[in-house]
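Engineer: Sequence first, predicted model second:
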Amino acid sequence: MGEEIRNKQVILSNYVETSVKESDMSLRTSKIQLKIPSGCDGAVLVKNLYLSIDPYILGRMKKRVLYMSSYTLDSVSMPGMTAYVGFFEFCSPKKGETVYVSAASGSVGQLVGQFAKTVGCYVVGSTRSKEKSDVALMKVDPLKKKMGFDEAFNYKEEQDYNATLKRYFPDGIDIYFENVGGKMFEAVLNNMRLHGRVALCGMMVVPLIKEEKITYVEDIAEGIESTPGALVGLYSGRSVGKQVVVVTRE
């Protein structure tokens, strides 16, 4: 039958109206059978050791409806929502504006580029390949031929990002959908137009942290029972650094 254990959960008791309160959450304990269902060969049981307390959680605790126009995004789930909200809600695109999308062949980037084309923007995307050029074309070509980007390039083949961006955007960039960070991000900032907008979706390249020139601080709370307090602390300014909850140390 499997081992019976006590499972603790933090449950949303009330939708958040303004600021989040500990009373908006409650702790629930239930008994469950710890077992792998029959017929699931190769399956594993996963034990959560940590919880990441992040700002985006507040949005999921509020009761609201997001208007999605005529786009159907169920098939792409979170990438679709990320692309839609990041581009339309944060960047407010206008017809005729110039848009640059990094990591454009990724799950989010490819959608951003196509959304931009639907509103009449000029769109350039970049991707990468460490392989020889014919393999790189397999990633670059679909951006133009299948997804409708106006231009696309493999940034691994470019030596001077500033010069590259000036080539594709001689009058500057209105909107940048950021997915990579690093030197590319620096070059984009040098080529932004007045009143330009940047959506920071991902920063895959963080060289200063890799080189240990930056200290990464974590604010650690012990036990799942501390989750409501940790979340409230995140929004009230009590936490320092990245907020984490240790569920168990075993």
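Structural biologist: Ah, there it is.
Engineer: residues touching the most centrally placed residue in the chain, list them.
Structural biologist: Most central in the chain under Cα atoms, centre = their mean is Cys201, positioned 4.8 Å from the mean C-alpha point. By Cβ atoms under 8 Å, 6 or more residues apart in numbering, Cys201 lies in contact with Thr82, Gly86, Val108, Phe177, Glu178, Asn179. C-beta coordinates here come from the backbone N, C-alpha and C atoms, glycine included.
Engineer: which ones among these are found in strands?
Structural biologist: Counting by DSSP state E, the contacts of Cys201 place Phe177, Glu178 in strands.
Engineer: So which of the contacts of Cys201 is the closest to Val244?
Structural biologist: Thr82 (22.9 Å; Cβ to Cβ).
Engineer: Without its sequence neighbours, what residue ends up closest to the closest one?
Structural biologist: Among residues not flanking Thr82 along the chain, Val108 sits closest, at 5.1 Å (Cβ to Cβ, 6 or more residues apart in numbering).
Engineer: what domains does the record give for the protein?
Structural biologist: By the assignment in automatic domain parsing, the chain contains the domains 3-63+215-246, 92-207.
Engineer: hmm, back to that, now, the most widely separated pair of the contacts of Cys201?
Structural biologist: The largest separation in the contacts of Cys201, counting by Cβ to Cβ, is between Thr82 and Glu178 at 12.2 Å.
Engineer: Need phi/psi at Val112.
Structural biologist: phi -60, psi -50 (degrees, to the nearest 10).
Engineer: give the contact list for it.
Structural biologist: Residues near Val112 by Cβ under 8 Å, 6+ apart: Ala83, Gly86, Phe87, Val99, Val101, Ala104, Phe177.
Engineer: Repeat the analysis, applying 10 Å as the threshold.
Structural biologist: Contact analysis of Val112 by Cβ atoms under 10 Å, 6 or more residues apart in numbering lists 79, 82-84, 86-88, 91, 93, 99, 101-104, 106, 123, 125, 175, 177, 179, 199, 201.
Engineer: just Ala199 next, same as before
Structural biologist: Contacts of Ala199 were listed using Cβ under 10 Å, 6+ apart, and they are 82-83, 85-91, 101, 112, 175-179.
Engineer: Phe177 contacts Val101, doesn't it?
Structural biologist: Yes. The criterion here is Cβ atoms under 10 Å, and Phe177 meets it with Val101 at 4.6 Å.
Engineer: More neighbours: those two, which one.
Structural biologist: Val101 (33 against 30; other Cβ atoms under 10 Å).
Engineer: For Leu165, the count of nearby residues, please.
Structural biologist: With neighbours defined by other Cβ under 10 Å, the count for Leu165 comes to 24.
Engineer: That one: what secondary structure?
Structural biologist: helix (DSSP: H, G, I helix; E, B strand; the rest coil).
Engineer: For it, give me its contacts.
Structural biologist: Applying Cβ under 10 Å, 6+ apart, the residues near Leu165 are 100, 124, 126, 153, 158, 172-173, 176, 184, 187-188, 190-192.
Engineer: Kindly provide the distance from it to Ile173.
Structural biologist: Separation of Leu165 from Ile173 (Cβ to Cβ, to the nearest Å) stands at 7 Å.
Engineer: which residues are common contacts for those two?
Structural biologist: Tyr100, Val124, Val188, Asn190, Asn191, Met192.
Engineer: So for the last one, what's the pLDDT?
Structural biologist: This points to Met192. With respect to pLDDT, Met192 scores 97.
Engineer: do the one 3 residues further on as well
Structural biologist: The predicted local confidence for His195 comes out at a pLDDT of 94.
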